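Trainee: sequence first, predicted model second:
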Amino acid sequence: MLQLSPAAIAEIQRLRDRQSSEPSDPQLGVRLQVLPGGCAGLFYHFTFAAHPTAGDRVYQFGHITLTVDEGSLPYLDSLSIDYADDLMGGNFRFTNPQAGKSCDCGISFNPENVSPARTETENSP
């Protein structure tokens, strides 16, 4: 199960309010994906999205709707997301027990013992 800290929820809401044409637009949710790239092989990617698509898992954290696509789910089991300000600025911090190795940037990781979800095209003969 995914977890967002109160600080992460507040920062996402602040960013959403800045992004949205209407403050606190409840239709504007956040999409979290795991994509190939980064220093360690995979990275976390946030975008704003108005509606989930087929196959998405939807999580509700207060006024924040977080959607995750089916392919990213195996990499995010028990992921905790926090937000912290320090002397270098603010950033999201990801604690992922699925990560065998993480890079110093904090958003790139290499999964350990995770089998990626197969897509329909991969399942086709």
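Mentor: Perfect, I can see it now.

Trainee: against Met88, how distant is the residue nearest the centre of the chain?
Mentor: With distances taken as C-alpha atoms, centre = their mean, Leu32 lies nearest the centre of the chain, 3.0 Å away. Distance, Leu32 to Met88, by C-beta to C-beta, to the nearest Å: 23 Å. C-beta here means a position set from N, CA and C on the backbone, and glycine is covered the same way.

Trainee: just checking, Phe92 touches Asp85?
Mentor: No: Phe92 is not in contact with Asp85 according to C-beta atoms under 8 Å; the separation is 11.3 Å.

Trainee: more crowded one of the two?
Mentor: A direct count of neighbours by other C-beta atoms under 10 Å for Phe92 and Asp85 places Phe92 higher, at 18 against 10.

Trainee: helices or strands up against the helix or strand containing that one?
Mentor: Element membership for Phe92, per DSSP states H and E: strand 89-95. Packing partners of strand 89-95 (3 or more C-beta pairs under 8 Å, 6 or more residues apart in numbering; DSSP states H and E): helix 6-19, strand 42-49, strand 80-86.

Trainee: quick check: closest non-adjacent residue to Asp77.
Mentor: Nearest non-adjacent residue to Asp77, counting by C-beta to C-beta, 6 or more residues apart in numbering: Gln98, 5.9 Å away.

Trainee: can you find the helix or strand in the chain with the smallest mean pLDDT?
Mentor: helix 120-123 (a mean of 39; mean pLDDT, DSSP states H and E).
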